[in-house]
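Peer 1: what follows is a predicted structure for the sequence shown.
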Number of protein chains: 2
Amino acid sequence: MSAIRSGSGHKTFFASSDDSRICVVMVGLPARGKSLIAGKAMRYLAWVGVKARIFNVGTYRRNATPQPSANFFDPHNSEGEKMRRAAAEAAITDMIKWFKNGQGVVAILDATNSTKKRRRWIHETCRDAGIETLFVESVCDDEELIMNNILEVKTTSPDYKGQDPEVAALDFRNRIRNYEKVYEGIDDDEKEFTYVKLINVGSTVIINQIKNYLSSRLVYYIQNLHIKPRSIWLSRHGESQYNLTGKIGGDSSISERGEAYAKALPGLLRKSGVPPNTKLVIWTSTLKRTIQTARHLAAETGYEKLEWKALDELDSGVCDGLTYEEIAERYPEDFAARDEDKYNYRYRGGESYRDVVIRLEPIIMELERSENVIIVTHQAVLRCIYAYFLNIPQEKSPWMEVPLHTLIKLTPRAYGTEEKRFKADIPAVSTWRAKGTSAKHQDYTTEVKA
Amino acid sequence: MSAIRSGSGHKTFFASSDDSRICVVMVGLPARGKSLIAGKAMRYLAWVGVKARIFNVGTYRRNATPQPSANFFDPHNSEGEKMRRAAAEAAITDMIKWFKNGQGVVAILDATNSTKKRRRWIHETCRDAGIETLFVESVCDDEELIMNNILEVKTTSPDYKGQDPEVAALDFRNRIRNYEKVYEGIDDDEKEFTYVKLINVGSTVIINQIKNYLSSRLVYYIQNLHIKPRSIWLSRHGESQYNLTGKIGGDSSISERGEAYAKALPGLLRKSGVPPNTKLVIWTSTLKRTIQTARHLAAETGYEKLEWKALDELDSGVCDGLTYEEIAERYPEDFAARDEDKYNYRYRGGESYRDVVIRLEPIIMELERSENVIIVTHQAVLRCIYAYFLNIPQEKSPWMEVPLHTLIKLTPRAYGTEEKRFKADIPAVSTWRAKGTSAKHQDYTTEVKA
């Protein structure tokens, strides 16, 4: 999505027209994937440059009650109820402070928020502070999904740290039963609220009264999520003719060694572990070097291929076809400015990393919808995609080292993304330039050994 | 949305990964805006380059029964029922033929399809022909909305041609009552179907089992539609320094006459008719000439301003800053190739009209969500936006004349878009070049009188 909406040098991506501040209120029983959704939404917002923060009510509650038993969550336990309400109040107070003190745009309130009364109170408290609410309810009646979540929680939640996993699982199920006693799903009584209701993680989605641009984008993101196990493989093209001479941009073919990498790629992919009976889809850019690199892979596997213009390399404008030495010589100020703020620096007549992120947004959306995909693309584009999955901050992502002739396998897990790298034993030049180094430090003849 | 997905020169925008062919099945009582939604979806798909066609069952039915009375639609009228079923069968037979014979990707079946039995039959018939179904139900309990639709139908439907409007309205209401007797909305029994249910035109949306990319995009489009009355104003920037010298691209300031247009714009907008108490939002590109042109308008009205990079002029790559004469001289083959197929021609290192449409897609999506907007942008971009609203075919839109110093007011109506043009009495050069003319035919000193 290429919506730069800003009056000040494209500093914002999603700046909604009315400067709205939004509280995303998670709703759902325990083990319904609320934290997973909250975490992904948070990562997505950070990636597109929207200042967001999660306020986890459980964290506040644990300050007072570090390891409560299921009994604490019994609706008839008035002491427990009082403490849980106090935790919610503390979280919301902090959230309102955060909005007031900074540039915060989206707060995510991660808690069960399982009664109409609680939700109305949150809505009214937010409204009085000039904050819109967007309720996101996750409903799930798929027992397998719930069990997986329970297993995840009992092994990762601070509530059960150091406890016997079996005891923890049993207690957690009892806690869920206590919540079930009072749980009220969002229904027609709450028609005036803006909400999205996800049933079994996106198989059915109900969307109500979406009012602004940012909410509409966020809801579209959330409705596209799925939790089927899968991996995403990332590779740069094989070494290109331009890489050999240190030139940037262009549309050159791959070198002899690049061709060797293209031939090695099917074997490297197998080595990385493709689950049996899995069909990948191959995505490339529209530039020769990525198409050539994916050629043998496509021929050997019969996987479907797609070319995306959005995967083309960062456009270096007037510097296209130059070496870093030449850029430093011809455009010394630009060269320094780029080092200063590489994420925001836009080549004359070309793009910045920020521009690339914006044009990659639909790619990320489609990746969220997809299952197993291998992407053969370019250094800057790969950095941006990688930054999304690994949650790399904007100031760091443009400096990340992504060597040629290396396959990266990313496997999304409930709380983060697992990464493995597989190097082909095929030498290539290094195209990485350290911040602050003069262009001449680039040694294009150095061969990087696998 | 910048998803070019294609193995053959970006010929497709929405080509879904599995070559899926989709039948969009409209569902709903008469006067629920089904044809409006079908028409807009059709226009959107054509604009993004997806071959689509509407199959209107009413048209088939009218072949046999040109002007039926409400009685024809009584569920107890077995003759009527038989003929309506025959019309549906004829429409679907033609649709399957259309898919088989051509490059058709989306067929829209416009009819009430008001029973579960009918829908299951359509689903199974499509499935057997290798066609996916996407049901789009429009539910409406807003009496005003329904009455507006009834008024529209009685004055435009061929069923009531030449009849007394009062009699027609009465008959049409009776027809609706007959449908109501048997109407079954989509519910949990149809959970295995892919569907979207729009309640009161987008205020609540239920989305179920969306399986592929194209459906997901189409559903996102449909869920963003609204039918509040509004207008969209389009203007190019005021005459620029580059316009004066016949250069394309660049980021020059506006000329003296351009500045005069910027000053005249608030008055021109008032003259065009802005409903009382209406707040417009001003959208510009990120280039100086559009920001300068909107400056006085923003200052005088206090309307909110937004800059969109997606509204920047078509990138002419290596030709940026050249005149058409210079392009014809330096790149004669390119110049000829562009004349040959201006929509698809991509400047070296730059963009084609097709590329521009792709990056404008989120702008169109946001325009559908928005109310009154004035867009100050560039010739090629304006042509693309205009083509969307006026349904101009791809081969024609790049040649359309959009003079400088002219405000275009577009008002979407139920069955098309109304257009009015308002010329400022401020001369400007003409930047229009006719197909096949040599570049020298451009007379940059000719002043176009208002």
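Peer 2: It's in.
Peer 1: quick check, A:Ile207 in a helix?
Peer 2: No - membership of A:Ile207 in a helix is not supported by DSSP: H, G, I helix; E, B strand; the rest coil, which gives strand.
Peer 1: that one and B:Ser203 touch, don't they?
Peer 2: No - assessed by CB atoms under 8 Å, A:Ile207 is found out of contact with B:Ser203, at 9.6 Å. Glycine gets a C-beta too; all of them are placed from N, C-alpha and C.
Peer 1: out of those two, name the residue with the larger neighbour count.
Peer 2: A count of neighbours by other CB atoms under 10 Å in any protein chain shown puts A:Ile207 above the other of A:Ile207 and B:Ser203, at 24 against 14.
Peer 1: pull the contacting residues for that one.
Peer 2: Contact partners of A:Ile207, counting by CB atoms under 8 Å, 6 or more residues apart in numbering or on different chains, are A:Tyr195, A:Val196, A:Lys197, A:Val219, A:Gln223, B:Thr204, B:Val205, B:Ile206, B:Ile207, B:Gln223.
Peer 1: tell me the bridge partners for it.
Peer 2: Residues in a beta bridge with A:Ile207, per DSSP bridges, are A:Val196, B:Val205.
Peer 1: could you report the pLDDT at it?
Peer 2: pLDDT for A:Ile207: 94.
Peer 1: same check on A:Gly246?
Peer 2: The model's pLDDT for A:Gly246 equals 93.
Peer 1: any idea how far the residue lying closest to A:Ile150 once chain neighbours are set aside lies from chain B?
Peer 2: Nearest non-adjacent residue to A:Ile150, counting by CB to CB, 6 or more residues apart in numbering or on different chains: A:Ala31, 5.0 Å away. According to CB to the nearest CB, to the nearest Å, A:Ala31 stands 23 Å off from chain B.
Peer 1: is it true that A:Ala31 lies in a helix?
Peer 2: No - applying three-state DSSP, one finds A:Ala31 to be coil, outside a helix.
Peer 1: surely it meets A:Phe172?
Peer 2: Yes - between A:Ala31 and A:Phe172 a contact is recorded at 7.5 Å, counting by CB under 8 Å.
Peer 1: neighbour count winner among those two?
Peer 2: For A:Ala31 versus A:Phe172, neighbours defined as other CB under 10 Å are more numerous around A:Ala31 (24 against 21).
Peer 1: in the stretch 351-450 of chain A, where is pLDDT below threshold?
Peer 2: Along the stretch 351-450 of chain A, segments meeting pLDDT under 70 span A:438-450.
Peer 1: which parts of it are strands?
Peer 2: For the stretch 351-450 of chain A, the strands defined by DSSP state E, counting those that start in this stretch cover A:373-377, A:406-413, A:416-423.
Peer 1: just the C-alphas of the first one, formatted as CSV.
Peer 2: Once non-C-alpha atoms are left out, strand A:373-377 reads as follows in CSV (Å, rounded to 0.1, in the frame of the first residue of the first chain):
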residue,chain,number,x,y,z
VAL,A,373,6.9,-19.2,-0.2
ILE,A,374,10.5,-18.7,-1.5
ILE,A,375,11.4,-15.2,-2.4
VAL,A,376,14.4,-14.4,-4.6
THR,A,377,15.0,-10.7,-4.5
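Peer 1: give me the helices and strands touching it, please.
Peer 2: strand A:232-236, strand A:281-284, helix A:288-301, helix A:379-390 (3 or more CB pairs under 8 Å, 6 or more residues apart in numbering or on different chains; DSSP states H and E).
Peer 1: who are the packing partners of the helix or strand harbouring A:Glu144?
Peer 2: Assigned by DSSP states H and E, A:Glu144 belongs to helix A:143-156. Counting contacts by 3+ CB pairs under 8 Å, 6+ apart, helix A:143-156 packs against helix A:165-182.
Peer 1: what do you get if the cut-off is 10 Å, keeping everything else the same?
Peer 2: Applying 3 or more CB pairs under 10 Å, 6 or more residues apart in numbering or on different chains; DSSP states H and E, one finds that helix A:143-156 contacts helix A:34-47, helix A:165-182.
Peer 1: those: which one's closest to B:Asp339?
Peer 2: Among those, helix A:34-47 comes nearest to B:Asp339, with 41.8 Å by CB to CB.
Peer 1: pLDDT averaged over the closest one - what is it?
Peer 2: 93.
Peer 1: next secondary structure element downstream of it?
Peer 2: strand A:52-56.
Peer 1: for that following strand, which strands pair with it and how are they oriented?
Peer 2: strand A:106-110 (parallel).
Peer 1: one step back: most tightly packed of the helices and strands packed on helix A:143-156?
Peer 2: Mean neighbour count (mean count of other CB atoms under 10 Å in any protein chain shown) peaks for helix A:34-47 among the helices and strands packed on helix A:143-156, with a mean of 21.
Peer 1: and chain A, split by domain according to the record?
Peer 2: Domains of chain A are assigned by the TED database as A:19-224, A:232-423.
Peer 1: quick check: end-to-end length of the shortest one?
Peer 2: Meaning domain A:232-423. Domain A:232-423 stretches 16 Å from its first residue to its last (CA to CA, to the nearest Å).
Peer 1: how far out from the middle of the chain is it?
Peer 2: 17 Å (CA atoms, centre = their mean, to the nearest Å).
Peer 1: and if you look at stretch A:184-204?
Peer 2: Counting by CA atoms, centre = their mean, stretch A:184-204 comes out at 24 Å from the chain centroid.
Peer 1: what comes up buried for it?
Peer 2: A:Ile186, A:Glu190, A:Phe193, A:Thr194, A:Tyr195, A:Val196, A:Lys197, A:Leu198, A:Ile199, A:Val201, A:Gly202, A:Thr204 (16 or more other CB atoms under 10 Å in any protein chain shown).
Peer 1: repeat that for stretch A:225-239.
Peer 2: Neighbour-count burial for stretch A:225-239, with 16+ other CB under 10 Å as criterion, is recorded at A:Leu225, A:Ile227, A:Arg230, A:Ser231, A:Ile232, A:Trp233, A:Leu234, A:Ser235, A:Arg236, A:His237, A:Gly238, A:Glu239.
Peer 1: give me the distance between A:Gln379 and A:Ala387.
Peer 2: For A:Gln379, the distance to A:Ala387 equals 13 Å [CB to CB, to the nearest Å].
Peer 1: what do you get for A:Gly249?
Peer 2: Taken as CB to CB, the span from A:Gly249 to A:Ala387 is 21 Å.
Peer 1: more neighbours, those two?
Peer 2: Neighbours were tallied for A:Gly249 and for A:Ala387 using other CB under 10 Å; the higher tally belongs to A:Ala387 (23 against 20).
Peer 1: the more buried one touches A:Arg354, doesn't it?
Peer 2: No - A:Ala387 lies out of contact with A:Arg354 (CB atoms under 10 Å); the separation is 11.7 Å.
Peer 1: how about residues contacting the worst-scoring helix or strand of chain A on mean pLDDT?
Peer 2: Using mean pLDDT, DSSP states H and E, the weakest-scoring helix or strand in chain A turns out to be helix A:143-156, at a mean of 76. Applying CB atoms under 10 Å, 6 or more residues apart in numbering or on different chains, the contact partners of helix A:143-156 are A:29-36, A:140, A:142, A:159-160, A:163-173, A:175-176, A:200-201, A:227, A:413-415.
Peer 1: specify the angle between it and helix A:165-182 in degrees.
Peer 2: Between helix A:143-156 and helix A:165-182, the angle formed by their directions is 120 degrees, by axes from the mean of the first three to the mean of the last three CA atoms, to 10 degrees.
Peer 1: quick one: helix A:143-156 to helix A:34-47, angle?
Peer 2: Interaxial angle, helix A:143-156 versus helix A:34-47 (the same axes, to 10 degrees): 80 degrees.
Peer 1: stretch A:392-401 near chain B at all?
Peer 2: No - counting by CB under 10 Å from any CB of the partner chain, chain B has no neighbours in stretch A:392-401; the shortest distance is 17.2 Å.
Peer 1: what sits up against that stretch?
Peer 2: Stretch A:392-401 has contacts (CB under 10 Å, 6+ apart) with A:46-47, A:49, A:314, A:338-339, A:341-345, A:352-354, A:356-357, A:379-380, A:382-388, A:390-391, A:430-435.
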